[in-house]
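Q: Generate coordinates for the sequence data below:
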Amino acid sequence: MRKKRKLIPVEMWQLEKVESWLTEQGQNGLQLEKFNGLFATFLQSEPQQVEYRMIVMPKKDTQPTNTEELALEGWEFVASREFYHIFRSQKADATSEIEPDLTKQAQALTGILKQARNQFFINLGMVVLGIIVSALLMFKAVNPIEHFVEGQSMGIFVMIFSSSCLTVNYLRDYLGITRMKRQLSQGIALDYRAYWQVASLKKLMWHVGYVAVIFIGFAVLVKQVYAYNFLDLPLDTTDIPVLRLHMIEPQERLAELAQSEEEDWYNWLITNRTLVAPVQYETREQVSILQENEAAYTPTLTFKVTECIVPSLASALYDELAGSYYVEGEARSVAAFDQVFVEQLHDDHVRLLTLQGKQVQYVDYEGEADLETILQALENL
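A: Residues are numbered from 1 along each chain as shown. Down below sits the predicted model:
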């Protein structure tokens with residue numbers, strides 16, 4: 001016989017809908033052979049008028065003890081998985097009960113109810129754990145907004161969101177099983193011709209949505225990992241908005257600019273890109289400028305630029321950096337920028353922070369260039 005595999009369109013705990021669907025498949029010439037949590041395998045045959053019923057056991061992977069008695073009554077055992085055991089009969093009709101005692105049917109749902117509850121609390125615990133870790137990053141970390149902008153918290157947010165989806169799913173299962181158990185306890189039998197198509201559409205939409213969320217989340221994480229690059233600082237950076245020493249050093253100092261051949265200065269460029277800050281560059285540059293009859297002059301420049309997707313996030317980042325790095329600095333009024341913060345550490349060492357729209361710039365410079373020259377170079381980027 002030819003076999004056909006189909007996606008089970010409803011949740012397994014929706015007993016009446018699973019039984020209605022299997023009965024409909026039998027009428028279409030598909031007789032169940034086996035099943036798992038997602039798929040059912042059918043043998044193709046002539047259409048038959050059969051009824052399918054499920055016995056749910058209170059404990060996982062335990063078999064019904066009355067299989068032989070049921071066989072004498074015309075109920076053929078078909079397949080089992082975990083709590084669920086499926087039988088079929090050509091003698092039964094839409095009102096036939098494989099277990100006539102509805103109270104026993106209700107009590108048998110204890111196992112799947114407990115499983116749904118445990119899964120709910122496990123995923124809820126993951127959500128709570130993620131929130132706690134995020135809160136610790138926000139309130140205990142030195143610069144939580146900077147961590148967020150740079151994407152260091154993205155993995156936690158993906159975990160929280162995916163676990164939240166699963167938490168809602170298992171809560172829905174728990175409430176559905178609880179309603180079904182209450183119905184059976186009240187002596188109301190299941191409808192073995194239940195309309196399963198609506199439940200099927202809901203399951204499809206839910207699962208497609210969840211898979212899409214997980215896929216997008218991990219795609220963002222993977223893309224973010226590959227977006228982070230640590231490179232040697234190239235000589236030509238005209239295509240990226242970074243500040244270089246040759247833009248600010250006095251011209252007389254540039255006359256004999258040379259890179260030391262005896263020492264590696266570890267000049268580097270970091271590029272990064274996240275959802276909330278698609279433009280991020282950071283450089284560290286140090287050079288040796290040799291002058292006749294003078295000691296080597298070695299200016300050093302660290303520069304970082306972050307462009308956020310909204311000005312409010314850039315403003316929050318600016319305030320955080322100003323509060324954490326610039327203890328003895330002061331705000332300056334510069335027409336080209338929304339805000340400027342300057343800290344003069346020594347005569348030849350200055351740090352400054354600028355905010356303009358969605359962009360934050362950070363400069364840590366040691367050398368002879370004056371502040372006005374640095375600000376003018378930043379304005380021109």
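Q: Now do the same contact list for the residue most central in space within the chain.
A: Geometric centre of the chain, nearest residue: Val158, 2.0 Å, by Cα atoms, centre = their mean. The contact partners of Val158, by Cβ atoms under 8 Å, 6 or more residues apart in numbering, come to 217-218, 220-221. (Each C-beta comes from the backbone N, C-alpha and C, glycine too.)
Q: Which entries within the residues you listed meet the buried criterion?
A: Buried residues within those, defined by neighbour count using 16 or more other Cβ atoms under 10 Å: 217, 220.
Q: what about the residue nearest to the centre of the chain, distance to Leu184?
A: In this structure, Val158 and Leu184 are 40 Å apart, going by Cβ to Cβ, to the nearest Å.
Q: What segments of the stretch 1-150 of the chain are helices?
A: Secondary structure of the stretch 1-150 of the chain by DSSP state H, counting those that start in this stretch: the helices cover 15-27, 67-72, 102-108, 110-140, 144-149.
Q: can you list the ones you listed in JSON lines and add mean neighbour count, mean pLDDT and distance to Ser45?
A: Formatted as JSON lines, the helices of the stretch 1-150 of the chain follow (neighbours: other Cβ atoms under 10 Å; pLDDT from 0 to 100; distance: least, Cβ to Cβ, whole Å):
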{"stretch": "helix 15-27", "mean neighbour count": "21", "mean pLDDT": "91", "distance to Ser45": "9"}
{"stretch": "helix 67-72", "mean neighbour count": "12", "mean pLDDT": "87", "distance to Ser45": "20"}
{"stretch": "helix 102-108", "mean neighbour count": "16", "mean pLDDT": "91", "distance to Ser45": "30"}
{"stretch": "helix 110-140", "mean neighbour count": "15", "mean pLDDT": "88", "distance to Ser45": "31"}
{"stretch": "helix 144-149", "mean neighbour count": "20", "mean pLDDT": "84", "distance to Ser45": "59"}
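Q: can you redo the ones you listed as TSV with distance to Glu307?
A: Shown next, in TSV, are the helices of the stretch 1-150 of the chain (distance: least, Cβ to Cβ, whole Å):
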stretch	distance to Glu307
helix 15-27	52
helix 67-72	69
helix 102-108	60
helix 110-140	22
helix 144-149	10
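Q: closest one to Leu275 among the ones you listed?
A: Closest to Leu275 of these is helix 144-149 (Cβ to Cβ; 9.9 Å).
Q: For the closest one, report the contacting residues that lie outside it.
A: Residues outside helix 144-149 that contact it (Cβ under 8 Å, 6+ apart) are 137-138, 141, 153, 274, 276-277, 280, 306, 308, 313, 316-317, 320-321.
Q: Let's see which of those end up in helices.
A: 137-138, 313, 316-317, 320-321 (DSSP state H).
Q: Tell me the one among those residues nearest to Val342.
A: For the ones in helices among the contacts of helix 144-149, the closest approach to Val342 (Cβ to Cβ) belongs to Leu321, at 13.0 Å.
Q: Need the nearest residue in space to that closest one, chain neighbours excluded.
A: Closest residue in space to Leu321, ignoring its immediate chain neighbours: Leu353 at 5.7 Å, by Cβ to Cβ, 6 or more residues apart in numbering.
Q: element containing the one you found, please.
A: Leu353 belongs to strand 349-356 when elements are defined using DSSP states H and E.
Q: Pull the number of nearby residues for the nearest residue to Gln105 once chain neighbours are set aside.
A: Leaving aside its sequence neighbours, Gln105 sits nearest to Leu184 (Cβ to Cβ, 6+ apart; 4.9 Å). Residues lying near Leu184 (other Cβ atoms under 10 Å) number 22.
Q: May I see the buried residues of the strand holding Leu353?
A: Residues of strand 349-356 classed as buried: 350-356 (neighbour count, 16+ other Cβ under 10 Å).
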